[in-house]
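A.B. asks: Predicted model, plus sequence, below.
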Amino acid sequence: MLSLLWLIPALPLAGFLLLALCGGRLTRPQIAWVGCGSVGTAAVTTALVATDFFRVFPERESYQQTLWNWIDTSGMTVGISWYLDALSLLMVAVITGIGFLIHLYSAEYMADDDGYARFFAYMNLFVSAMLTLVLADNLLLLYLGWEGVGLCSYLLIGFWYREPEYGAAAQKAFIVTRIGDTAFAVGLFILFTQFKSLSIQQVQSLATESWPVGSDLAIIVAVLFLIGAVGKSAQLPLQVWLPDAMAGPTPVSALIHAATMVTAGVYLIARMHHLFALAPLVQEVIAVLGLATLLLAATSALVQHDIKRVLAYSTMSQIGYMFLALGVGAWSAALFHFLTHSCFKALLFLAAGSVIHSLHHEQDIFKMGGLRRHLPWTFWTFLIGAAAMSGVPLVTSGFYSKDWILWSVWSSPISHRWIWFGALFGAMLTGLYSFRLIFRVFLGEVRTQPTGESGLAMRVPLVVLAFLALTVGFLEMPHTLGNVTVFSQYLSHALPTTEVLPGIDESSEVREQLAVTVAALLGIGLAALLFLPGSMVASRWTDQSTDHSSMTLVQAGWGFDRLYDRLFVRPWFSLTRHSGDMLDRGYEWLAVCVESCHGWMSHTQTGHVRWYAATIAVGTLMLLGLFAL
Amino acid sequence: MALWLLILIPILAAPFAWMGEQWSRYAPRWIALGALAVDFLLALLLGGHSDRVQISGHGVWLVESHLSWIPRWGISLHLGLDGLSLVLILLTAFVGVVAIIASWTEIQSRVGLFHCNVLLALGGVIGVFLAIDLFLFFFFWELMLIPMYLLIVIWGHAQRRHASFKFFLFTQAGSLVLLVAIVALALLHQQVTGRPSFDYGDLMGLPLTTDMARWLMLAFLIGFLVKLPAVPVHTWLPDTYTEAPTGATIILAGILAKTGAYGLLRFTIPLFPEVMTEFAPIAMGLGVVGILYGALLACAQTDIKRLVAYSSISHMGFILLGAFAGTELALQGVVMQMVAHGLSTGGLFLLAGALEERYQTREMGQLGGLWGVTPRLATMALFFACASLGLPGLANFIGEFLVLFGAYATQPLMIILASLGMVMAAIYSLGMMQRTFFARQRDALTAPDLSNLAFGTVLFIAALQVWLGLYPKMVLTTTRPVMKQLVQPAVASTNPTHLPSQSLLSSHIVTSQGMTP
Amino acid sequence: MLSTPALVLAMMLFGLGLIGLLSRRNVLYMLLSLEIMLNAAALAFIAGGARWGQVDGEIMFLFILTLAAAEVSVALGIVLQLSYRFRTLDADAFCEMKG
């Protein structure tokens, strides 16, 4: 069964090809069957491969499969080859599983759209590229997937191509991430020049052998990889594209811009952890960047009007937590948060999509309200998602993953206390903005009349995801609470265990957990105080409150867009607008010179035969005279 | 003799194509297609056959033909085929077919003469790729120029006179410099051995003083850089590509540019290996400037054909960069880039020509929202835009990345600069898609989609792009012996103690830390 | 020496022809002047041949004779065309090739 591994990325690719080449000739149900079916079978194949993987490799080492040699020349050997270990299996399971649910959801959500086949074609291509990314055995193949998901993200953000703003958002997403990709590529050049190999495992083992910890090259390569990861995962300072990326259809935001693609950066860093371990300085930078992003995004999420933008900022914020965990060396915790996050964030996006769907594509939360009665399924699932995101203790998955991260930050030898406080404050903000959404959208009076609950194809994914958002957390519980270590056991062979500061005991862990619990609950309580309709403060915090001039800065994601606009975009445009081909002008000038010379000389060309004869005679005489002299 | 057939088939078919006009409007097209198809198959056959002859190549040609011509001056009809020329001849015949299909509906006046010129030009190009007597090489070099000039000046667009003049002047000036250098080489050979010779093999081992070699190399370089074209002698390109009819543009961009690159690989580098290494940083610098300058100007264009033209300059920069990097990997990348660029610009110009034919404009500002009107055209344009921005999995990516990987060992800083071209490529490619095919549709823009013939052709090119992008082995193994040989003398001459497996100049970055697994 | 007067005569003839060519505006007269100049040159060849006792001079003379005949036949054809087109034989009237 393990040999079926290649089918996992190939099936969605086949679906893409089928839809791209003859999507016009298929009926809508057929398109939906192909689109969902290809990802569904990939999910089933994943399950088969996974069972076999556990059977063949009880220690969960790794399985490799080479399809063919991609490039094999002049000292460079790169194969189209897959690498399956616990880490990539986890990613594949999430991508195919949640991907399938989102495809199912889209079958109904996009039912009225003209580009039905196009949508599923792009989505399938995305899934295929993403699977290539996580299954790649070498960095070049990983780069293929990396760029492939970027392309699909571009295509899907600009899916409704008639709107110029959507196109601009799509371009922005692609170009900003491309900046990161370029840095990543330079990292590949350095690694290849050094080690004559691009295999992920080989490069890392060679690097640990030949580079001392903290050596220049290790730091440079790690920084370049980090820039790539930061671009893809929308972290500071390349985070500006993600809020705009919400222009795409909501299932796209759920799949690409929440559950899978934006976590590719996390995957990359986790995959290259040996390399990052050689550059502790860079790890510290990762932690600080993660913290900065999570705070910045959380504050921005607090004042957004657009429901999808709130979720976009919350995604940035949650990925900030993952980066933070990676930065302090809590690799498994980052991946655990990735797992829970992709469940509850996909859920939140899909539920938000359900709201938007029933409100005729209204996305402003100030025009929503009181939807609890009309959309009960959506409400309850959204509530579960929001609770998981804010980390409601004991019952939700978000609590366990966030607690693990915060505990790692607290206990890690390479962390600082202030980082922990920042992250704790972020946890409080998470509760605040999540429940702000709940209170605004689902409670209070009805402002826009909804059309009613959506159909089964949209409800089933919601329920499944809600179930997962509640239960996935039980895979890993701290030893103060049940001490379940299924997840960290599972990843133990792929990722190193988290280092713990010596001298940390259980009582401090309990205190730390209490702090996290209090922070989350405090956030929710604060939200109730501020935004619950009918509460004292809520009446004063009316719609206009977020339109204060002081708020607009926060609302615009702390003004990074404007800063980059001034620094890069405008100079670039003025450069391209005013630059004709300067060199060409030089040649044209030469031509003009020659032409004016020739105009001047042509005056001697009178057209009179006798004049020519006379000049010939005079010329001959002069020549004779010269000879005579 | 088969090599002569390769050249003569298109040249002999040319007058028939001209006469064919009297029989039917389509006769010239079919004659031209037939001739190129036969040529293609013949080249394939030669390549396949020579597999058994063994692609070992140490100065050995796969197929060689040697006839005496003017023995007094050491001129002979000497043709030779190796992996590099084989790949390029296949590309020539294929792109020629694409060019003819692209002109299927566009060219309606003097159809016969058009195809006659196309065949003559292609015959000249194939001659250039085969000739290894420098005099013969120059003969073919000029032979391809004149039909190209006619194609532009007769069937071009509004500014065709200006454009064709510029094209002719630039390329002719470059050729003359080249001619002087070729004759000088032959005379130097006479000084040394007592008889002049234009033969590649004779001239290769010619001992030259450094000063002389420097000047001759410069002359060769100028001749080829104009054709490539590289900054700063690129300015004929945008005008010419824009004003030429679609078919001619495809030939110009897809093949003629490659003759410059071929010249660099075949003549400049092997003939003057020592001076070449000395000059490499400057040439690579020109390549990087070309990449960035071309990309910057591509971003500034509003005319879709001009945009593609400037993007071509940018892509040619990679070729220059790789050709002088002095590592086998980079040279392999150059070959790949040549093939990939031939395919991708062929497709892009075909589509741009189709757009122009439909809407009578090349201004992207006047287009927009065509995705809904002409979905086939738009989808294929998206594909080729992706190829042009170097999306992995397509052939251009292999070319660019092999060049960058190979050249990083010699010039890390330049490669980092060149990588910025990748970001800029994204900006202009996506900008082209956005302005032309996305955004709001204009009312007047209704037109038929791509014809089945054109669509089939572009789809086939796309399939080739994917195939070469995922399985570039076919090209890479064919050219590898040639490239290996190209690196060897340079290494031997600059640093005799250098290990043969390690490439030129790479020593200062591949330190002892970098052990080969 | 015998050749000197002949050369002087040739020079005078050539000068007369040149002056005629430059001063006459009628194309026909210009052609006549041209013939005189050609013959002057031919005379110089004869003189030269006689001076060195070589036969080359006479051969050149024969060449010039045939050349002159050929030239006249072409030139007269052109003159006929010119007079037919422009209705004049004034050489200054034909200046369409002016730069």
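C.D. replies: Now that the structure is in, tell me what you want to look at.

A.B. asks: Could you use CA atoms for every contact and neighbour count after this?
C.D. replies: Noted.

A.B. asks: Tell me the buried residues in stretch B:471-488?
C.D. replies: Under the neighbour-count criterion of 16 or more other Cα atoms under 10 Å in any protein chain shown, stretch B:471-488 has B:471-473, B:475-488 buried.

A.B. asks: if we look at chain A, which of those residues are close to it?
C.D. replies: Contacts with chain A within the buried residues of stretch B:471-488, counted by Cα under 8 Å from any Cα of the partner chain: B:471-473, B:476-477, B:480.

A.B. asks: For A:Ser81, which three-state class applies?
C.D. replies: Classification of A:Ser81 using DSSP: H, G, I helix; E, B strand; the rest coil returns strand.

A.B. asks: okay, now it: neighbour count?
C.D. replies: The number of residues packed around A:Ser81, counting by other Cα atoms under 10 Å in any protein chain shown, is 20.

A.B. asks: Distance check, it against chain B.
C.D. replies: From A:Ser81 across to chain B, the span is 12 Å (Cα to the nearest Cα, to the nearest Å).

A.B. asks: So for the longest helix along chain C, mean pLDDT?
C.D. replies: Looking across chain C with DSSP state H, the single longest helix is helix C:56-86. The pLDDT scores in helix C:56-86 average 91.

A.B. asks: Does B:Arg376 touch B:Pro448 like I think?
C.D. replies: No: the pair B:Arg376 and B:Pro448 fails to qualify as a contact (Cα atoms under 8 Å) at a distance of 10.2 Å.

A.B. asks: Which one of the two is surrounded by more residues?
C.D. replies: Higher neighbour count among B:Arg376 and B:Pro448: B:Arg376, with 18 against 9, using other Cα under 10 Å.

A.B. asks: which outside residues touch the host helix or strand of that one?
C.D. replies: Assigned by DSSP states H and E, B:Arg376 falls within helix B:375-388. The contact list for helix B:375-388 (Cα atoms under 8 Å, 6 or more residues apart in numbering or on different chains) reads B:311, B:344-345, B:347-348, B:351, B:370-371, B:394-397, B:425, B:429-430, B:433, B:437, B:449-450, B:455, B:458-459, B:462, B:465.

A.B. asks: so which of those residues also contact chain A?
C.D. replies: When contact is defined as Cα under 8 Å from any Cα, the contacts of helix B:375-388 meet chain A at B:Leu430.

A.B. asks: In helices, which of the contacts of helix B:375-388 fall?
C.D. replies: Counting by DSSP H, the part of the contacts of helix B:375-388 found in helices is B:311, B:344-345, B:347-348, B:351, B:370-371, B:395-397, B:425, B:429-430, B:433, B:455, B:458-459, B:462, B:465.

A.B. asks: ok, back up a step: now do the longest helix of chain C: which elements does it pack against?
C.D. replies: helix C:27-52 (3 or more Cα pairs under 8 Å, 6 or more residues apart in numbering or on different chains; DSSP states H and E).

A.B. asks: The helix it packs on vs helix C:56-86, what angle?
C.D. replies: With axes from the mean of the first three to the mean of the last three Cα atoms, to 10 degrees applied, the angle from helix C:27-52 to helix C:56-86 works out at 180 degrees.

A.B. asks: From what I see, A:Met123 and A:Cys152 are in contact.
C.D. replies: Yes: counting by Cα under 8 Å, A:Met123 touches A:Cys152, with 7.4 Å between them.

A.B. asks: one step back: would CSV of the ones next to chain A among the buried residues of stretch B:471-488 with pLDDT, distance to chain C and secondary structure be doable?
C.D. replies: CSV is the format used below for those (pLDDT from 0 to 100; distance: Cα to the nearest Cα, whole Å; DSSP: H, G, I helix; E, B strand; the rest coil):
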residue, pLDDT, distance to chain C, secondary structure
B:Tyr471, 90, 62, coil
B:Pro472, 89, 59, coil
B:Lys473, 87, 61, helix
B:Leu476, 87, 58, helix
B:Thr477, 84, 60, helix
B:Arg480, 84, 58, helix
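
A.B. asks: Now do the buried residues in the longest helix seen in chain A.
C.D. replies: Using DSSP H, we find that the single longest helix of chain A is helix A:164-195. Residues A:164, A:166-195 are the ones in helix A:164-195 that count as buried (16+ other Cα under 10 Å).

A.B. asks: how about it, does it get close to chain B?
C.D. replies: Yes: applying Cα under 8 Å from any Cα, one finds helix A:164-195 touching chain B at A:164, A:167, A:171, A:174-175, A:178-179, A:182, A:186, A:189-190, A:192-195.

A.B. asks: Show me what the mean pLDDT comes to for stretch A:322-329.
C.D. replies: The pLDDT scores in stretch A:322-329 average 90.

A.B. asks: just stretch A:265-285 next, same as before
C.D. replies: Per-residue pLDDT values across stretch A:265-285 average out to 90.

A.B. asks: do stretch A:87-107 as well
C.D. replies: Per-residue pLDDT over stretch A:87-107 has a mean of 91.

A.B. asks: Can you give me the buried ones in that stretch?
C.D. replies: With burial defined by 16+ other Cα under 10 Å, the residues of stretch A:87-107 counted as buried are A:87-107.

A.B. asks: and these near chain B, which?
C.D. replies: Okay, of the buried residues of stretch A:87-107, nothing touches chain B (Cα under 8 Å from any Cα).

A.B. asks: Count the residues that sit near the closest residue in space to A:Leu394 that isn't next to it in sequence.
C.D. replies: Leaving out its chain neighbours, the residue that sits closest to A:Leu394 by Cα to Cα, 6 or more residues apart in numbering or on different chains is A:Tyr400, at 7.6 Å. By the criterion of other Cα under 10 Å, A:Tyr400 has 29 neighbours.

A.B. asks: same deal with A:Ala292?
C.D. replies: The burial count for A:Ala292: 23, using other Cα under 10 Å.

A.B. asks: Distance check, it against A:Leu302.
C.D. replies: Distance of A:Ala292 to A:Leu302, computed by Cα to Cα, to the nearest Å: 16 Å.

A.B. asks: Kindly report the same for B:Phe324.
C.D. replies: For B:Phe324, the distance to A:Leu302 - Cα to Cα - is 55 Å.

A.B. asks: B:Arg440: which element?
C.D. replies: Here B:Arg440 sits in a region with no helix or strand, counting by DSSP H and E.

A.B. asks: what number of residues lie near it?
C.D. replies: Here the number of neighbours of B:Arg440 (other Cα under 10 Å) works out to 19.

A.B. asks: Next: A:Ser74.
C.D. replies: With other Cα under 10 Å as criterion, A:Ser74 counts 22.

A.B. asks: Quick check: it vs A:Asp112, distance?
C.D. replies: Where A:Asp112 is concerned, A:Ser74 sits at a distance of 53 Å (Cα to Cα).
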